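Chemist: How does the following fold in three dimensions:
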Amino acid sequence: MDRPETRDVTVEDADVAYQVVGDGPIDLLFCWGFGSHIDLAWDEATTYPEFFRTLASFTRLILYDRRGMGASDGVPAGAFPTWESWAEDTGAVLDAVGSERAASLGDRRWRLLLDAHDPAVREQLRRFRGREVKTTGDGFLASFDGPARSIRCAETIVDVTKTLGLDVRVGLHTGECEVRADDLGGLAVHIAARVGALATSGEVLVSGTVGDLVAGSGIEFRDRGEHDLKGVPGVWRLFALAR
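Modeler: Okay, the predicted model is just below:
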């Protein structure tokens, strides 16, 4: 089965990316939340392609990225979508593919996992003196007083959540942020979100800015090459934490 065509449906002033795989009698809707990227998920170096092919062997599998994630349009810096807007994304995708009713994969199980995930992440933020800025549905936006501490915290979060059966991904960037009451915004926050969207499952991915700042600290990285970050000027070299 070849990589499917990525299409877009317009929701308000943004395009939501989706794919349809297979032609089974049941429509199955699949979205894996924060950090998703339906184009990158088909990289044969990941476990997703085989998983998707298995699902598509007996269903019509509908994959999509919510607004602000992956192949879908971004949102203004610091303005993460609400659950209500994500529900609109889901409805728009179902309408676009002509699905009157689709099964949602693991909603209840996913909610139970989130209920375990959030306290685990908060404990590591406390341990590494990070500040929780806000949650983003099934992800976190956090700030730290130093890049090395943020990397060690991210590494521990990946390990801890793996014991829960979750493969999380983390994106890190450092830069000036706009302080808005208890929230943070600005280009630096947007870049961090885009870096996170390019990370693979279980990966801590950092911008070259972060890598430069921790040079000589003993933290080692693998070069992940240069990337265009959607909505961000220039080309960015990214590095994955060596684990």
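
Chemist: What count of nearby residues applies to the nearest residue to Thr135 once chain neighbours are set aside?
Modeler: Once flanking residues are discounted, Thr135 sits nearest to Asp118: 7.0 Å by Cβ to Cβ, 6 or more residues apart in numbering. All C-beta atoms are positioned from the backbone trio N, CA, C, and that covers glycine. A count of neighbours around Asp118, defined by other Cβ atoms under 10 Å, yields 14.

Chemist: Pull out the buried residues from the helix or strand harbouring Ala148.
Modeler: When elements are assigned from DSSP states H and E, Ala148 belongs to helix 147-162. If you call a residue buried by 16 or more other Cβ atoms under 10 Å, then helix 147-162 has these buried ones: Pro147, Ser150, Ile151, Arg152, Cys153, Ala154, Glu155, Thr156, Ile157, Val158, Val160, Thr161.

Chemist: how near is the second one to Gln124?
Modeler: The gap separating Ser150 from Gln124 is 11 Å, by Cβ to Cβ, to the nearest Å.

Chemist: thought Tyr70 was touching Tyr18?
Modeler: Heads up, residue 70 is Gly, not Tyr. No - taking contacts as Cβ atoms under 8 Å, Gly70 lies outside contact range of Tyr18: 10.6 Å.

Chemist: Name the nearest residue to the residue nearest the centre of the chain, ignoring sequence neighbours.
Modeler: Central residue of the chain (Cα atoms, centre = their mean): Gly35, 0.6 Å from the mean position. Using Cβ to Cβ, 6+ apart and skipping residues adjacent in sequence, the residue nearest Gly35 is Arg169, 4.4 Å away.

Chemist: Show the backbone phi and psi for that neighbour.
Modeler: With angles defined as degrees, to the nearest 10, Arg169 sits at phi -130, psi 150.

Chemist: Check Arg224 too.
Modeler: The phi and psi torsions at Arg224 (degrees, to the nearest 10) take the values phi -110, psi 10.

Chemist: That one contacts Leu241, doesn't it?
Modeler: No - the pair formed by Arg224 and Leu241 falls short of the contact definition of Cβ under 8 Å, at 10.4 Å.

Chemist: And those two? Which one has more around it.
Modeler: Taking other Cβ under 10 Å, Arg224 and Leu241 do not tie; Leu241 has more neighbours (22 against 17).

Chemist: Quick one: neighbours of the nearest residue to that one once chain neighbours are set aside, just the number.
Modeler: Beyond its immediate neighbours in the sequence, the residue positioned closest to Leu241 (Cβ to Cβ, 6+ apart) is Val204, lying 3.9 Å away. Val204 sits with 26 neighbouring residues when counted by other Cβ under 10 Å.

Chemist: Just list the residues touching Val204, thanks.
Modeler: The contact partners of Val204, taken as Cβ atoms under 8 Å, 6 or more residues apart in numbering, are Ile151, Ala154, Glu155, Val158, Arg169, Val170, Leu172, Ala240, Leu241, Arg243.

Chemist: show me the contacts for the second one.
Modeler: Right, the one you point to is Ala154. Val170, Leu172, Val204, Leu241.

Chemist: Before we move on, what's the pLDDT of the third one?
Modeler: As predicted, Val204 sits at a pLDDT of 97.

Chemist: And for the first one?
Modeler: Val170 is assigned a predicted lDDT (pLDDT) of 96.

Chemist: The nearest residue to it once chain neighbours are set aside and Glu50, how far apart?
Modeler: Nearest non-adjacent residue to Val170, counting by Cβ to Cβ, 6+ apart: Ala154, 4.1 Å away. According to Cβ to Cβ, Ala154 stands 27 Å off from Glu50.
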